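Chemist: from the sequence below, what's the structure:
(chains A, B and C)
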Amino acid sequence: MPTIPDPEAVAGALARLRERTPLVHSLTNVVSANVLTNALLAAGATNAIIDNPREAGEFARIADAVLINLGTPDDEQARAFTAAAESAHAAGHPWVLDPVGVGGLSWRTELAGGLLAHRPTAIRGNPSEIAAVAGLESTSRGVDSASDAAESVPAARTLLEVSEVVSASGPIDYITGRTADGIATARVHGGSEWLPKITATGCALGALGAAYLAVAEPFTGIVAAHAHFSVAAEFAEPHANGPGTFVPAFLDTLAAVGPDDLRAHARIDSAEH
Amino acid sequence: MPTIPDPEAVAGALARLRERTPLVHSLTNVVSANVLTNALLAAGATNAIIDNPREAGEFARIADAVLINLGTPDDEQARAFTAAAESAHAAGHPWVLDPVGVGGLSWRTELAGGLLAHRPTAIRGNPSEIAAVAGLESTSRGVDSASDAAESVPAARTLLEVSEVVSASGPIDYITGRTADGIATARVHGGSEWLPKITATGCALGALGAAYLAVAEPFTGIVAAHAHFSVAAEFAEPHANGPGTFVPAFLDTLAAVGPDDLRAHARIDSAEH
Amino acid sequence: MPTIPDPEAVAGALARLRERTPLVHSLTNVVSANVLTNALLAAGATNAIIDNPREAGEFARIADAVLINLGTPDDEQARAFTAAAESAHAAGHPWVLDPVGVGGLSWRTELAGGLLAHRPTAIRGNPSEIAAVAGLESTSRGVDSASDAAESVPAARTLLEVSEVVSASGPIDYITGRTADGIATARVHGGSEWLPKITATGCALGALGAAYLAVAEPFTGIVAAHAHFSVAAEFAEPHANGPGTFVPAFLDTLAAVGPDDLRAHARIDSAEH
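Modeler: Numbering: from 1, shown residues only, chains lettered A, B, ... in the order given. Modelled structure (predicted):
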């Protein structure tokens, strides 16, 4: 059975993240811009949002990794997406596609289709978004919308034709990637009941994935981002009285969680068993 | 005397909100995007910000209600406003106009004038904005700028020619709407001294109004949004040490307040007596 | 030796800020919009973000001071920058340039060059940004990128040809301005280890500088903004468990700090000794 990244591997990735402080270049939606940046800073990376078409290509060559999030596009930002994706791909920098709303809305679905040509290193979304992006890629058959992360695994496997690793967020996260022994799907357990009750946490997770891609090979990096997020969310929950106080508590624990915490608390297993 | 919505009616509206989780489509300013979304999630609704002209009309047909907030428009967003308002009106979906800055700035005042043609279900603003929007509508006489919510009631009554309910926020909120017995104005008391010291709370209230319009008739829905906000703010105040800690505490209490809390603590009376 | 603003002068500036509640007109990036506005409200000013080219010139004539922050420009916002800077300069209203990313990115570097023609009252940035802006101004020699605030003082002095006061943020802030006896550089000590770990605090400081310029002469106003920020950050630190909880605590202390706190706790000295 292919070997999935284990807590020791994700702990090593976090140690390298803290040591190297990778610079992420984010093109993201207006809802997430602040909390996504604070999440990256807390986790141990840095972030710059450069989302105009005049500078996005230039900056994607400077940054260590790029996040493209389709949440609130307009025509200018859409041109910046293309410039950044092209530039990241040409420079050999990892980039993450977060296909917010793809499938449900026509224009961004088209945008996502165009961006796949620049081969995102990772794609992160909710299960129905992953299924919708896979539908764009798969011309032979439609991919049904998936209601939970487990059901999106076939779509994720399809997307490995254009990407290295694909993750779907849910109560349990499913991350599908390549290993030396073939394709495998890891599950990351944990998190908090509050996570789905606050906005932009998925967006922040996509950006954290980009940061980890700068310091780890793709499958390990994305599993590490999910594990870091889940452990931090578990640690934050006792400090929160509701969704409002969860946010600052979660940023605190994203910063406080260290490699030893991931070794002890990350809950990762294989989906195939 | 016309009967205004009472605590029992607003408690019922909150129970339905929690049961149905309406999807709000928001077109709003950059300052409010995050906190407005978190406020809707906390209160029991969901939110998607789709503010480009290519998708706004499409999404207004899918969502349960629409919020259009004029805080930081640009040309693209202005086209999206029109597309969303047209589409919501055509689909029979309720929509709220929040005329931020209207009266004080020329371009957005013109935008607001154009949007009134699509008959907002509700208009929510501060007293001077309500007066300014009424001035747009009233060709027979100018409406003086109102310095407090009570003074904006004549303007609100004028606006019932194009809308179902009009609310003006202040230390006491004034909500003017139609009842079976004619036009009436309800007052909602309560809130917190911190509310005016933090940004985007009015914007979030407008969005919450849109959520309630999806589960209640207009007058009851907007009174319910104001009452939910006021009770949550009162409950949050003892947990805050200042305007900064008030925000997460308020999001917590927006989530924690239930129908029984509105029955027991909502303070609603008639302005006519 | 020229006399720099002392704690008594900055305490007086804060007293006037609280008394007059100046209205700042901000054109800023998407990351900072919310927290910058809440910081201004907490400190004792008000803020309106008007960053479209149709209204920015109009509003810069109404507001007491203007902030132009180059963090996430697009073509429309860039036109708004020019309109606001022109209008502020023509009306004799103070304005602050925050040259985020200048030097590292080509288009915004050009934008900053154009804005200098409208003579910003103050320029606030990190040391390398100050050096880069000075490089634009200085045709005789290149100015090396400065790695700490002390090293950016020669660049700041160069910029006094187009501005009244120039500040560089760092563990110790350096503010260079004019006094009756010539040019001087003040240092403001203090702050918190968390400040650099959260986004948009520098942006908020630039906006607070604009607010103070409305109630004090330039050198005193900018030193007051830095001192207010540093004392509030020191007061907030014991209330924070990490970068997440630092933000609301800091907004609380920005509001709580009064003139007497600045008299007792502001640590200002001269860089020349």
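
Chemist: bridged to the residue nearest to residue A:175 when sequence neighbours are not counted, which residues?
Modeler: Closest residue to residue A:175 apart from its sequence neighbours, by CB to CB, 6 or more residues apart in numbering or on different chains: residue A:167 at 4.2 Å. Yep, even glycine has a C-beta here, placed from its N, CA and C like the rest. On the basis of DSSP bridges, residue A:167 is bridged to residue A:124, residue A:175.

Chemist: pretty sure residue A:167 is touching residue A:126, no?
Modeler: No: with contact defined as CB atoms under 8 Å, residue A:167 does not reach residue A:126; the gap is 10.2 Å.

Chemist: more neighbours: which of these two?
Modeler: In terms of neighbours (other CB atoms under 10 Å in any protein chain shown), residue A:167 is the more surrounded of residue A:167 and residue A:126; the figures are 29 against 23.

Chemist: picking that back up, now the residue nearest to residue A:175: how far from chain C?
Modeler: Distance of residue A:167 to chain C, given as CB to the nearest CB, to the nearest Å: 24 Å.

Chemist: from residue A:148, how far off is that residue?
Modeler: For residue A:167, the distance to residue A:148 equals 14 Å [CB to CB, to the nearest Å].

Chemist: and what of residue A:61?
Modeler: Distance from residue A:61 to residue A:148, by CB to CB: 38 Å.

Chemist: what's the answer for residue A:96, then?
Modeler: From residue A:96 to residue A:148 the distance is 22 Å (CB to CB).

Chemist: more neighbours: these two, which one.
Modeler: Shown here are residue A:96 and residue A:148; by other CB under 10 Å, residue A:96 has more neighbours (33 against 14).

Chemist: for that one, which three-state class applies?
Modeler: With DSSP: H, G, I helix; E, B strand; the rest coil as the basis, the three-state label of residue A:96 is strand.

Chemist: contacting residues for it?
Modeler: A:65-68, A:120-124, A:206-207, A:209-210, A:213 (CB atoms under 8 Å, 6 or more residues apart in numbering or on different chains).

Chemist: what sits opposite it in the beta ladder?
Modeler: Under the criterion used (DSSP bridges), residue A:96 bridges to residue A:67, residue A:122.

Chemist: distance of it relative to residue C:102?
Modeler: Distance of residue A:96 to residue C:102, computed by CB to CB: 27 Å.

Chemist: same question for residue A:129.
Modeler: Look at residue A:129 and residue C:102: by CB to CB, they are 36 Å apart.

Chemist: could you do residue A:184 as well?
Modeler: 46 Å.

Chemist: more neighbours: which of those two?
Modeler: residue C:102 (27 against 19).

Chemist: test my guess that the more buried one contacts residue C:129.
Modeler: Yes: counting by CB under 8 Å, residue C:102 touches residue C:129, with 5.2 Å between them.

Chemist: these two touch, right, residue A:265 and residue A:228?
Modeler: No: here residue A:265 lies out of contact with residue A:228, judged by CB under 8 Å, at a distance of 10.4 Å.

Chemist: the two: who's more crowded?
Modeler: residue A:228 (30 against 16).

Chemist: confidence score at the more buried one?
Modeler: Confidence at residue A:228, expressed as pLDDT, is 98.

Chemist: swap in residue A:168?
Modeler: 97.

Chemist: what bridges to the closest residue to residue A:6 other than its chain neighbours?
Modeler: Setting aside the residues directly before and after it, residue A:6 is nearest to residue A:268 in space (CB to CB, 6+ apart), at 6.4 Å. Beta-bridge pairing for residue A:268 (DSSP bridges): residue A:188.

Chemist: many thanks, I have nothing further to ask.
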